[in-house]
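Asks: sequence and computational prediction follow.
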Amino acid sequence: MSVLSAEAPRKLSVIGITSGYDRADVLKSVSIEVKPGTVTCILGANGAGKSTLIRAIVGLNRVRSGSIFFGGESIANIPTHQIATLGIATIPEGNKVFPKMTVLENLRVGGLLVRDERKVLQQMDKMFQTFPRLKERQNQLAGTLSGGERSMLSIARGLMTDPGFVIFDEPSLGLSPLFVSEVFNIVGKLKEAGVTVLLVEQNVRQTLNISDYGYVLVQGEVVAEGTSVELKQNAELHEAYFGVH
């Protein structure tokens, strides 16, 4: 896989943010740091606030207090499309694709921010090398793909801008074990290529195997953090928050 990013990796710093929906606060003074070239994970059960954190980072949820910096530049509450131009890509949960568009058209949508047609075609070729099945189905409507194939397309579309920073929102959700392994393999290849990854997941074991550092989110608060080795060895943490020994 060749996904060398044109963007120099930059650090993401989330400092004491509060965010939520309507009048309810979901995140309560959450702070995380994602260092360049690393895989940092956010672990937590359903309802922990993981997706709200992503939405706040990319400008979909208003940050009520606190700060978010990317490469030293404040990005809290700026429009989502402007955040995308900084080299941040988000792979949404649930294998979201445009079902009435072909595979090829979905990839072109992913490359809309790239002005150079030559670069769009080059990146598309990289995606077809990475996901040969998508090349075979490039003229097929995305809505007719299998769940695993839609997951591939969602990831490939997100990588069409050749981002330096990629946020994955529960990429293994609803996938077969075979496709789960493939998704984590993609994350590993991105890391090898120098891309910074923020990985939001419930799959504790496989996520910690690939991550450098992690945070545990419970009811909108960070209750633990550490290197992946430290979090793996914390049996009390696993039992208390994930129900595993």
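Replies: In hand now; what should we look at?

Asks: low pLDDT regions in this structure?
Replies: Low-confidence regions of the chain, defined here as pLDDT under 70, cover residues 1-9, 94, 240-245.

Asks: where do the helices sit along it?
Replies: All helices of the chain, identified by DSSP state H, fall at 50-57, 80-84, 103-110, 117-130, 132-136, 147-158, 177-192, 204-210, 228-233, 235-237.

Asks: what's the burial count for residue 43?
Replies: The burial metric for residue 43, expressed as a neighbour count using other Cβ atoms under 10 Å, is 27. Every C-beta, even on glycine, is put in place using the N, C-alpha and C of the backbone.

Asks: measure the spatially closest residue to it that is not a sequence neighbour to residue 104 for me?
Replies: Here the nearest residue to residue 43 in space, its sequence neighbours aside, is residue 216; by Cβ to Cβ, 6 or more residues apart in numbering that works out to 5.0 Å. From residue 216 over to residue 104 the distance is 40 Å, taken as Cβ to Cβ, to the nearest Å.

Asks: okay, those two: which has more neighbours?
Replies: The neighbour comparison of residue 216 against residue 104 (other Cβ under 10 Å) goes to residue 216, with 24 against 16.

Asks: residues in a beta bridge with the more buried one, which ones?
Replies: residue 43, residue 224 (DSSP bridges).

Asks: that one reaches residue 44, doesn't it?
Replies: Yes: taking Cβ atoms under 8 Å as the contact criterion, residue 216 and residue 44 are neighbours in contact, 6.3 Å apart.

Asks: related to what we said a few turns ago, please tell me how far the residue nearest to residue 43 sits from residue 31.
Replies: Relative to residue 31, and taking Cβ to Cβ, residue 216 is found at 13 Å.

Asks: what's the overlap in contacts for those two?
Replies: Between them, residue 216 and residue 31 have residue 222 as joint contacts when contacts are counted by Cβ atoms under 8 Å, 6 or more residues apart in numbering.

Asks: count the neighbours of residue 165 for me.
Replies: Taking other Cβ under 10 Å as the definition, residue 165 ends up with a neighbour count of 25.

Asks: ok, it touching residue 191?
Replies: No: the pair formed by residue 165 and residue 191 falls short of the contact definition of Cβ under 8 Å, at 12.0 Å.

Asks: so what sits against both of those two?
Replies: Common neighbours of residue 165 and residue 191 (criterion: Cβ under 8 Å, 6+ apart): residue 197.

Asks: okay, the helices of the chain in CSV with distance to residue 66 next?
Replies: Below are the helices of the chain laid out as CSV (distance: least, Cβ to Cβ, whole Å):
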stretch, distance to residue 66
helix 50-57, 9
helix 80-84, 16
helix 103-110, 30
helix 117-130, 34
helix 132-136, 39
helix 147-158, 26
helix 177-192, 27
helix 204-210, 25
helix 228-233, 24
helix 235-237, 25
